[in-house]
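# when you get a sec, could you give me coordinates for this:
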Amino acid sequence: MTADPRALLRQLYDVAVARALPERMLALYLPPPPKGRTLVLGAGKAGGAMAQALEAAWPAEAPLSGLVITRYGHVPPGYKPRRLQVVEAAHPVPDAAGLAASEKLLALTRGLTADDLVICLISGGGSALMSLPAQGLTLADKQAVNRALLNSGAAIAEMNCVRKHLSSIKGGRLAAACAPARVLTLAISDVPGDLPEVIASGPTVADASTCADALAICRRFQVELPPAAREGLASGAFETPKPGDERLVGHEFVMLSTPQLSLEAAAAAARAQGLAAHILSDEIEGESRVVGGVHAALARAVARRGEPFAKPCVILSGGETTVTVDAAKPTGRGGRATEFLLGCALALQCEPGVWALAADTDGIDGVGPHAGALLTPTSLARARALGLNAQALLDGHDSASFFAPLGDLLSPGPSFTNVNDFRALLVL
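Next up is the predicted model:
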């Protein structure tokens, strides 16, 4: 095993991210060019890299056109689209650029025939990037609902249930618009359970959830809806295409990469270093600080009693935790990963021999420039020496201000993929 725990944990994160890069597997799932034309449509944080991989693999002599939307700064360096258009827009709250691109993307589906092929490139972040409000709603309406959902503590499946019902393009509507063309969706999962209808709010798959479900979620999490949105949900006017819809029959959905595959790659890398590696789950959800405390309790049991795992070992997990924010109170800097780690630090109280790394695999934790951070056995003590109040920072959702002065924020920049949260605890 490497003598440097920091280097080991960073290596495991890099391996997990590398396993999810589109260039590794996208070409394997491309069909032969169709009799008609090939149209590429897509959205997500991995959209730029997926478009790049597809352009590189598609036969030069075969027609290819289309539009893909990705997050600002998430077009791979050196990629100059030749046959596809790649547009950058805002995430996690949609903006005018995303709206204009979505309108253009949907317009490209007009005139498709049964001889045509539509390849949809879908990855996490697509819900915000491909934003086209339902009839009667405005971009400002969508932005307000999106902000409220992000602060509510709702799980990603719940948030996307609401988002798709307030959309003119998600929840299977994009695929329906492509009829009668054949649709092949190539997806990278960033959601617990890898449910196609949840990834980017399922623009190309049938949706079994209902307007009533979306309305119930908003009531449960006290998400205030604009009058037009509330009316559309209550009346059922915003209903999505359901399973069995003939416009979606025969479409194919391929999962290119998942959180579990990235965790398995990291586990293999740890074992190659002579460490036992244990994957808890790729579907862990819940309040970030609480999940951090639970992980800390497990690591402490391993450190002190050798149960349920013998040390030295690495404990891995993925999924998507949440941070519930009170909109009436000021908040600081940070995201799910650093809030998880700060909750973990307070629970561990400088437990000897326990190290941890938590980061978002897209390279950005929330809206800050960092992906996550590293926690060491001395982090809490070093922070106290600097006069930092860890509990106050956690209460103010200001976790980045805890790790930044320690020099322990992880800032690799955009990774051009997204399989959600990556967490690794090293117990020596």
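
# A strand includes Arg423, no?
Yes: counting by DSSP: H, G, I helix; E, B strand; the rest coil, Arg423 falls inside a strand.

# for it, what are its contacts?
Residues near Arg423 by Cβ atoms under 8 Å, 6 or more residues apart in numbering: His295, Leu316, Ser317, Gly318, Ala337, Phe340, Ala356, Leu357, Ala358. No exception for glycine: its C-beta is placed from N, CA and C like everyone else's.

# buried residues in stretch 395-413?
396-404, 406, 408-410, 412 (16 or more other Cβ atoms under 10 Å).

# okay, now the domains of the protein?
Domains of the chain are assigned by automatic domain parsing as 5-16+259-427, 31-257.

# average model confidence for stretch 187-195?
Stretch 187-195 carries an average pLDDT of 95.

# start and end of it, how far apart?
Start to finish, the residues bounding stretch 187-195 are 11 Å apart (Cα to Cα, to the nearest Å).

# do the same with stretch 218-231
So stretch 218-231: terminal residues 13 Å apart, Cα to Cα.

# determine how far the longest helix along the chain lies from the middle of the whole chain.
The residue-count maximum for a helix in the chain (DSSP state H) belongs to helix 288-305. With Cα atoms, centre = their mean, to the nearest Å as the basis, helix 288-305 stands 24 Å off its chain's centre.

# how about stretch 144-151?
Chain-centre distance of stretch 144-151: 16 Å, with Cα atoms, centre = their mean.

# could you do stretch 419-428 as well?
The answer for stretch 419-428 is 16 Å, by Cα atoms, centre = their mean.

# pLDDT weak spots in the stretch 201-350 of the chain?
Across the stretch 201-350 of the chain, nothing is flagged by pLDDT under 70.

# please redo it, this time with the cut-off set to 80
326-331 (pLDDT under 80).

# follow-up on the earlier one: and the contacts of the longest helix of the chain?
280, 284-285, 307-311, 313, 315, 317, 321-323, 336-337, 339-348, 351-354, 356, 358, 394, 423, 425, 427.

# narrow those to those that are buried.
280, 284-285, 309, 311, 313, 315, 317, 321-323, 336-337, 339-348, 351, 354, 356, 358, 394, 423, 425, 427.

# let's see which of the residues you listed end up in strands.
Judged by DSSP state E, strands contain the following of the buried ones among the contacts of helix 288-305: Cys313, Ile315, Ser317, Val354, Ala356, Ala358, Arg423, Leu425, Val427.

# widest-spaced pair of the residues you listed?
Using Cβ to Cβ, the two most remote members of those are Cys313 and Ala358, lying 17.1 Å apart.

# give me the mean pLDDT for stretch 372-383.
98.

# from the chain's centroid, how far away is that stretch?
Offset of stretch 372-383 from its chain centre (Cα atoms, centre = their mean): 26 Å.

# got the buried residues for that stretch?
Gly372, Ala373, Leu374, Leu375, Thr376, Pro377, Ser379, Leu380, Ala383.

# send over that stretch as CSV, restricted to the C-alpha atoms.
Written as CSV, here are the backbone C-alpha positions of stretch 372-383 (Å, rounded to 0.1, in the frame of the first residue of the first chain):
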residue,chain,number,x,y,z
GLY,A,372,-15.2,17.9,-2.5
ALA,A,373,-12.5,17.6,0.1
LEU,A,374,-10.2,15.3,2.1
LEU,A,375,-10.6,14.6,5.8
THR,A,376,-7.6,13.6,7.9
PRO,A,377,-7.3,12.4,11.5
THR,A,378,-6.1,15.9,12.4
SER,A,379,-8.5,18.0,10.4
LEU,A,380,-10.7,19.0,13.3
ALA,A,381,-7.7,19.8,15.6
ARG,A,382,-6.1,21.9,12.8
ALA,A,383,-9.3,23.8,12.3
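
# what does it contact?
Contact with stretch 372-383 is made by 5-6, 9-10, 335, 337-338, 341, 344-346, 348-360, 365, 390, 399-400, 402-403, 405-406, 408-410, 422, as judged by Cβ under 8 Å, 6+ apart.

# at 7 Å what do you get?
With contact meaning Cβ atoms under 7 Å, 6 or more residues apart in numbering, stretch 372-383 is reached by 6, 9, 337-338, 341, 344-345, 349-360, 365, 390, 402-403, 406, 408-410.

# quick one, strands of the stretch 1-150 of the chain?
Remark: strands assigned in the stretch 1-150 of the chain by DSSP state E, counting those that start in this stretch are 38-43, 65-71, 85-89, 117-123.

# and Asp14, which of these is closest to it?
The minimum distance between Asp14 and the strands of the stretch 1-150 of the chain falls on strand 117-123, with 19.0 Å, by Cβ to Cβ.

# give the partner strands of the closest one in its sheet and their orientations.
Here strand 117-123 is paired, per DSSP bridges, with strand 38-43 (parallel), strand 182-188 (parallel).

# so for Ala18, which of the ones you listed sits nearest?
strand 182-188 (13.1 Å).

# and the next element down the chain from that closest one?
Using DSSP states H and E, the helix or strand that follows strand 182-188 in sequence is helix 211-220.

# tell me what that next one is packed against?
Judged by 3 or more Cβ pairs under 7 Å, 6 or more residues apart in numbering; DSSP states H and E, the packing partners of helix 211-220 are helix 156-165, helix 227-235.

# counting contacts, what elements does the shortest one pack onto?
Here helix 227-235 is seen to pack against helix 139-152, helix 211-220 when contacts are counted using 3+ Cβ pairs under 7 Å, 6+ apart.

# any chance of JSON lines for the ones you listed, columns distance to Pro92?
Supplementary listing: the helices and strands packed on helix 227-235 in JSON lines, determined by distance: least, Cβ to Cβ, whole Å:
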{"stretch": "helix 139-152", "distance to Pro92": "6"}
{"stretch": "helix 211-220", "distance to Pro92": "17"}
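
# alright, I will stop here.
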